[in-house]
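Q: Generate coordinates for the sequence data below:
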Amino acid sequence: MPGTLKTVFLSLLALIGAVLALALVSSAAGWLPSLLRMTPGSEAQLGWDLAFTVLGGIAAIAFATYYAPCWPRAHGTSIWSLLVLGAGYGLWVMGGDFPHWFVIGLLVSLPVQLLLGWWFGRRASRDRR
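A: Residues are numbered from 1 along each chain as shown. Alright, predicted model coming up:
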């Protein structure tokens, strides 16, 4: 039983850490544009936001995959599922506020985020088994 509790605890830690990694990348996306003197609401700002949304997703999935005590891809996929739900909700509620290229870019990036997150989160010791 203690081994099972340890695994559950480490799984929760990996998932919480992934959410924190996403928050960290999103935070950087929030304060860097003002340093680069980007105009708020411009196409460049929106492209910047899309790029950091994708990078944040990749970082979160990679974190969950790397630090998962078992079933690393399942951990990465669970974070990805949250990202898909968040993107779907955001596009449902505010989709008309964004240009078509942003919406298409976000939807196309979702499988790319999963694959790159799995790839960056892999560990050689687990890949050989």
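
Q: mind showing which ranges of this structure have poor pLDDT?
A: Within the chain, the ranges that satisfy pLDDT under 70 run 1, 125-129.

Q: Pull out the buried residues from the helix or strand harbouring residue 92.
A: According to DSSP states H and E, residue 92 maps onto helix 72-94. For helix 72-94, the neighbour count (16 or more other CB atoms under 10 Å) marks 72-73, 75-80, 82-84, 87, 91 as buried. Backbone N, C-alpha and C define where each C-beta goes, glycine included.

Q: Please apply the same query to stretch 48-59.
A: Using 16+ other CB under 10 Å as the test for burial, stretch 48-59 gives 48, 49, 50, 52, 53, 54, 55, 56, 57, 58, 59.

Q: Tell me which residue lies nearest the centroid of this structure.
A: When CA atoms, centre = their mean is applied to the chain, the residue found nearest the centroid is residue 57 (1.5 Å).

Q: is it true that it touches residue 82?
A: No. Assessed by CB atoms under 8 Å, residue 57 is found out of contact with residue 82, at 9.6 Å.

Q: related to what we said a few turns ago, nearest spatial neighbour of the residue nearest to the centre of the chain, skipping sequence neighbours?
A: Using CB to CB, 6 or more residues apart in numbering and skipping residues adjacent in sequence, the residue nearest residue 57 is residue 113, 3.8 Å away.

Q: With residue 45 instead?
A: In this structure, residue 45 finds its nearest non-sequential neighbour in residue 38, 4.9 Å apart by CB to CB, 6+ apart.

Q: Let me know whether the one you found touches residue 48 as I believe.
A: Yes. Look at residue 38 against residue 48 with CB under 8 Å: they come within range, at 6.4 Å.

Q: Next, the contact list for the closest residue to residue 73 other than its chain neighbours, please.
A: Of all residues not flanking residue 73 in the chain, residue 118 sits nearest, at 5.9 Å (CB to CB, 6+ apart). Counting by CB atoms under 8 Å, 6 or more residues apart in numbering, residue 118 touches 61, 62, 65, 72, 73, 76.

Q: Next: residue 48.
A: Counting by CB under 8 Å, 6+ apart, residue 48 touches 29, 32, 33, 38.

Q: sec struct for the last one, please.
A: Look at residue 38: counting by DSSP: H, G, I helix; E, B strand; the rest coil, its state is coil.
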